[in-house]
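Enquirer: Sequence first, predicted coordinates after that:
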Amino acid sequence: MKCTLLSKNKVKFIDGSIKNLGENETLRDAWERCKVIAISWLTRSMANQIAQSILYIDNARDLWEDLRERFAKGDHFRIFDILQDIHSMKQGERCVSEFLQN
C-alpha cells in the first residue's frame, strides 16, 4: 500500500510530512481532496471489518498509525506454531523440510 501511495504522490499524507494548508482556500481544497483520496485508497484495500473499525478517522496520518500499531506486532506464538507444523509435515517417509533443502 505504501508503494501505491508513493507512486501516486500521496505518501506524504501518511508519513506526516505534509500539513494542512490552513486558510488558503484554493490550496486547502486541493489538499483536502488529496487527503480523502489517500484515505479512500487505504480503506478500500482493507477487509470490511477492519475498514468499519477505522471509519471515523479522518486524518490519513492517524489512520496509518492506527493500522501500524494494530498490525505491526507479530504474533510470535502463532508464527512458532505454523513453523512447527511445517517442519513436522511428512510426505511418505520424508519430512517436507527435507524437500525444501534440496
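Expert: Cool, the structure landed. All values reported here derive from a predicted model rather than from experimental measurement.

Enquirer: Which helix in this protein has the most residues?
Expert: In the chain, assigned by DSSP state H, the helix with the most residues is helix 25-44.

Enquirer: Give me every residue in contact with that helix, excluding its own residues.
Expert: 1, 4-5, 8, 10, 13-14, 18, 20-22, 51, 54-55, 57-60, 63-64, 67 (CB atoms under 8 Å, 6 or more residues apart in numbering). The way it works is simple: take the backbone N, C-alpha and C, and place the C-beta from them, glycine included.

Enquirer: Then stretch 2-12?
Expert: F13, I14, I18, C34, I37, A38, W41, S45, A60.

Enquirer: Put the buried members of the residues you listed into a PyMOL selection.
Expert: With 16 or more other CB atoms under 10 Å as the burial test, the buried ones among the contacts of stretch 2-12 are selected in PyMOL as follows:
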select buried, resi 13+14+18+34+38+41+60
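
Enquirer: Look at A51 and say how many residues are nearby.
Expert: Using other CB atoms under 10 Å, A51 has 13 other residues around it.

Enquirer: just the one 4 residues further on next, same as before
Expert: Per other CB under 10 Å, the neighbour tally for L55 reads 8.

Enquirer: can you tell me which residues contact it?
Expert: By CB under 8 Å, 6+ apart, the contact list for L55 reads T43.

Enquirer: For N48, see how far away it is.
Expert: Distance of L55 to N48, computed by CB to CB, to the nearest Å: 10 Å.

Enquirer: Which members of the contacts of helix 25-44 are classed as buried?
Expert: L5, K10, F13, I14, I18, I54, I57, A60, L63, W64, L67.

Enquirer: so what's the spatially closest residue to the fourth one that is not a sequence neighbour up against?
Expert: If you skip the residues right next to it in sequence, I14 has W64 as its closest partner in space, 3.9 Å away by CB to CB, 6 or more residues apart in numbering. Neighbour list for W64: I14, D15, L42 [criterion: CB under 8 Å, 6+ apart].

Enquirer: Could you say which helix or strand holds W64?
Expert: helix 60-71 (DSSP states H and E).

Enquirer: one step back: looking at the buried ones among the contacts of helix 25-44, which is nearest F77?
Expert: Proximity of the buried ones among the contacts of helix 25-44 to F77 (CB to CB) peaks at L67, which lies at 21.8 Å.
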